[in-house]
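Colleague: pasted the sequence and its predicted model underneath.
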Amino acid sequence: MGSIFHEYFMSQKLIKPQKFLVEGVGKGSIPGCMDFGVIDDVIQVTDEQSFQTCHQLARKEGLMVGGSAGLNTWAAVQLANQSRGRRGVIVTVLCDLGVKISIKGLQQDLAGG
């Protein structure tokens, strides 16, 4: 939850980014190409939720993805759960490989984490 995007989406106020582990999502500024006018909602995801989802995708689906893809998948599943009974399509992007977290994840698995 290090990113400033959620707070900015909710209040249009810039805050200081918090500590984060998922690379590429803890931005401290709003990129010029970001158009909040076309965004319906911003879902906050913790580092733990992101990395747990990475492990689930590896174990259950055989997909070795990184933290950003874990974050995107976790948010998509939450949105799907909130949308039960309504018609629609939810799309997400698995935008990275799990190379950077694979050693950490393997260490956690071996340690019983």
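Modeller: Thanks, I have the structure now.
Colleague: can you give me the helices in the chain?
Modeller: With helices called from DSSP state H, the chain shows them at 5-11, 47-56, 67-82, 99-110.
Colleague: make TSV from those and add mean pLDDT and mean neighbour count to it.
Modeller: For glycine as for every other residue, the C-beta is placed from the backbone atoms N, C-alpha and C. Formatted as TSV, the helices of the chain follow (pLDDT from 0 to 100; neighbours: other CB atoms under 10 Å):
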stretch	mean pLDDT	mean neighbour count
helix 5-11	88	15
helix 47-56	92	19
helix 67-82	93	19
helix 99-110	54	13
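Colleague: for stretch 80-95, which positions count as buried?
Modeller: By 16 or more other CB atoms under 10 Å, the buried positions in stretch 80-95 come out as residue 94.
Colleague: start to end distance for that stretch?
Modeller: 19 Å (CA to CA, to the nearest Å).
Colleague: how about the contacts made by the residue most central in space within the chain?
Modeller: What sits nearest the mean C-alpha location of the chain, by CA atoms, centre = their mean, is residue 71, with 1.8 Å. Shown in contact with residue 71 (CB atoms under 8 Å, 6 or more residues apart in numbering): 22, 25, 45, 49, 50, 53.
Colleague: and the pLDDT for the third one?
Modeller: Per-residue confidence at residue 45 stands at 92 (pLDDT).
Colleague: about what we covered before: could you work out the most separated pair of the contacts of residue 71?
Modeller: Within the contacts of residue 71, 25 and 53 form the most distant pair, 13.4 Å apart (CB to CB).
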